[in-house]
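Peer 1: have a look at this prediction, sequence included:
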Amino acid sequence: MTNIYEVLRRPIETEKSRYQSAKLHQYVFEVARDASKIQIRAAVEELFDVDVVKINVVVAPAKRGRRGRTGRRTVIRGQEYKKAIVTIRADQTIDVFEGVKG
């Protein structure tokens, strides 16, 4: 990892992540597999100009699908990925997650 733009892959938008951003000041990103918490902190602080309080990292397992009549689980239908849950100060926000303001 030489570039902060390679650390953060994309923001993850789900109902749970919307609740976390609104109430708990936590934002969820998909990150590179070899990214450390220190690299994630530096990337978020530099790109979004916020102060990071805490980082939790989770490796989400691959999703499996069923194949055939017996119901055996054989085919993998997704890939394993790493996501970071970043908590920022309560008085700050990240505008990517806020939607349309008007």
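Peer 2: Great, that's in hand.

Peer 1: how about the helices in the chain?
Peer 2: Taking DSSP state H, the helices of the chain run over residues 4-7, 15-19, 37-48.

Peer 1: for beta bridges, what are the partners of the residue most central in space within the chain?
Peer 2: The chain has F29 as the residue nearest its centroid, 2.0 Å off, counting by Cα atoms, centre = their mean. Counting by DSSP bridges, F29 is bridged to P11, A84.

Peer 1: make a markdown table out of the helices of the chain and add mean neighbour count.
Peer 2: Glycine gets a C-beta too; all of them are placed from N, C-alpha and C. Shown next, in a markdown table, are these (neighbours: other Cβ atoms under 10 Å):
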| stretch | mean neighbour count |
| --- | --- |
| helix 4-7 | 16 |
| helix 15-19 | 12 |
| helix 37-48 | 17 |
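
Peer 1: can you put those helices in CSV and add mean pLDDT and distance to A84?
Peer 2: Converted to CSV, these look like this (pLDDT from 0 to 100; distance: least, Cβ to Cβ, whole Å):
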stretch, mean pLDDT, distance to A84
helix 4-7, 92, 9
helix 15-19, 92, 12
helix 37-48, 95, 5
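
Peer 1: now tabulate these in CSV and tack on distance to A90.
Peer 2: Formatted as CSV, the helices of the chain follow (distance: least, Cβ to Cβ, whole Å):
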stretch, distance to A90
helix 4-7, 24
helix 15-19, 16
helix 37-48, 15
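
Peer 1: pLDDT weak spots in the protein?
Peer 2: In the predicted model, the chain carries pLDDT under 70 at residues 1, 66-76, 97-102.

Peer 1: ranges for the strands of it?
Peer 2: 8-11, 26-31, 52-60, 64-66, 73-76, 81-88 (DSSP state E).

Peer 1: if I pick I55, what's in contact with it?
Peer 2: Contact analysis of I55 by Cβ atoms under 8 Å, 6 or more residues apart in numbering lists K37, I40, R41, A84, I85, V86, T87.

Peer 1: which of the residues you listed sits closest to R9?
Peer 2: A84 (10.0 Å; Cβ to Cβ).

Peer 1: for A60, which non-adjacent residue is spatially closest?
Peer 2: Y81 (5.4 Å; Cβ to Cβ, 6 or more residues apart in numbering).
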